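Asks: Predicted model and sequence below, questions to follow.
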Amino acid sequence: MQFAKKTKAGADIPTASLPDIIFMLLIFFMVVTVFKEFNGLPVLLPAARTTEKLESKRNIAYLWADKLGRVSVDDKIVTMDDIEPIMAEKFAGNRRIIISMKIDKDVEMGLVTDIQEQLRDAYTLRVSYATRLK
Amino acid sequence: MALLKRRIRGEDDIPTASLPDIVFMLLIFFLVTTTIDIDIGIPMQLPDRGGEFKVNPENISNVLINAQGQILIDDELTDITQVQEVTRTKVETRGLDADGKPKLIVSIKTEKETKYDAFIQVLDAVKAAGATKISIAEPES
């Protein structure tokens, strides 16, 4: 019984394809990098434990409400009556849309309810109360 | 004619030996600047318009939060730290329905002046207690 080495090939790891691998990684990071953080209003989110990750970003629309009672959708300050047509349009474009509501913890529930009523009118019934992790 | 002749017969390739280094540098730059932020939150399904249906009142647990942040669960004043315990007991008492979900429906009602934070804290505690059927009632003015 002989276990002689059959191949005489070198033990080096081939590095010829290294640039290709790194390029692939580079392209991945270039694609996922977002430089301009989409910012609506300065809000301090409430903390919670039972949070869940939202599914793919494509289905998410954001709505901000700060403690001064201002409401913002897509970087624009909107009035309460504007929410329904904007959201209805979003719903028409994507029926699986989830509205991530970034509401300041000092906002009063009256405003939150008004927003939710607008969302119900627009039929965007899937919402998420954005929170921080406790 | 002689002027058009190539003078240098040396290597005319671009040196690619340092290519990985350059790409590595770019890669590290993007690695550092990338923030893959995931959206987290408490998901909720808003009720459809006009979709009123009757439920057994025994299965409803009424949670009221006033403007001062005080919590009333089925007419009993409860501290926020106790909400989870109290709700868990109620969920277990009511048992499961045919789909294996808790029968208990938690109805959260707030006042118009109630702080959003107080509402989220209660909602969080109720969810942590295992209740899946949560209803958000219109605030009383």
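Replies: Structure's in. What do you need? Please read all numbers here as calculations on a predicted model, not as lab measurements.
Asks: which parts of stretch B:91-108 are buried?
Replies: Along stretch B:91-108, these residues count as buried under the neighbour rule (16 or more other CB atoms under 10 Å in any protein chain shown): B:91, B:94, B:102, B:103, B:104, B:105, B:106, B:108. For the C-beta atoms, the positions are set from N, CA and C on the backbone; glycine is no exception.
Asks: for stretch A:18-28, same thing?
Replies: Taking 16+ other CB under 10 Å as the basis for neighbour counts, the residues of stretch A:18-28 that come out buried are A:19, A:22, A:23, A:25, A:26.
Asks: How about stretch A:64-74?
Replies: Judged by neighbour count using 16+ other CB under 10 Å, the buried positions of stretch A:64-74 are A:64, A:65, A:66, A:67, A:71, A:72, A:73.
Asks: Mind picking the two most distant members of those residues?
Replies: Distances among the buried residues of stretch A:64-74 were taken as CB to CB; the most separated pair is A:67 and A:73, at 17.5 Å.
Asks: Dump the buried residues of stretch A:18-28 into JSON lines; add pLDDT and secondary structure as well.
Replies: Listed next are the buried residues of stretch A:18-28 as JSON lines, based on pLDDT from 0 to 100; DSSP: H, G, I helix; E, B strand; the rest coil:
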{"residue": "A:19", "pLDDT": "80", "secondary structure": "helix"}
{"residue": "A:22", "pLDDT": "83", "secondary structure": "helix"}
{"residue": "A:23", "pLDDT": "84", "secondary structure": "helix"}
{"residue": "A:25", "pLDDT": "85", "secondary structure": "helix"}
{"residue": "A:26", "pLDDT": "84", "secondary structure": "helix"}
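Asks: Go back to the residues you listed and keep what's next to chain B.
Replies: Taking CB under 8 Å from any CB of the partner chain, the overlap between these and the neighbourhood of chain B is A:19, A:22, A:23, A:25, A:26.
Asks: Going along the chain, name the helices of the chain.
Replies: No chain specified, so I'll use chain A. Listed in chain order, the helices of chain A (DSSP state H) span A:18-32, A:80-93, A:109-121.
Asks: should've been chain B
Replies: Counting by DSSP H, chain B has helices at residues B:19-33, B:83-94, B:116-128.
Asks: Please identify the most buried of these.
Replies: Of all the helices of chain B, helix B:116-128 carries the top mean neighbour count, a mean of 23, counting by mean count of other CB atoms under 10 Å in any protein chain shown.
Asks: Now the spatially most central residue of chain A. Nearest residue, chain neighbours left out?
Replies: With distances taken as CA atoms, centre = their mean, the residue of chain A nearest its centroid is residue A:57 (4.5 Å). Counting by CB to CB, 6 or more residues apart in numbering or on different chains, residue A:57 lies nearest to residue B:39, which is 7.3 Å off, once chain neighbours are set aside.
Asks: quick one, what contacts the residue nearest to residue B:113 when sequence neighbours are not counted?
Replies: Counting by CB to CB, 6+ apart, residue B:113 lies nearest to residue B:67, which is 3.7 Å off, once chain neighbours are set aside. By CB atoms under 8 Å, 6 or more residues apart in numbering or on different chains, the contact set of residue B:67 is B:111, B:112, B:113, B:114, B:115.
Asks: Ok, residue A:73 next?
Replies: By CB under 8 Å, 6+ apart, the neighbours of residue A:73 are A:40, A:61, A:62, A:63, A:64, A:82, A:83, A:86, A:87.
Asks: Just the buried ones from these?
Replies: A:40, A:61, A:62, A:63, A:64, A:83, A:86, A:87.
Asks: Closest one of the residues you listed to chain B?
Replies: Of all the buried ones among the contacts of residue A:73, chain B sits closest to residue A:62, with 8.5 Å by CB to the nearest CB.
Asks: these two touch, right, that closest one and residue A:54?
Replies: No: under the criterion of CB atoms under 8 Å, residue A:62 makes no contact with residue A:54, lying 10.7 Å away.
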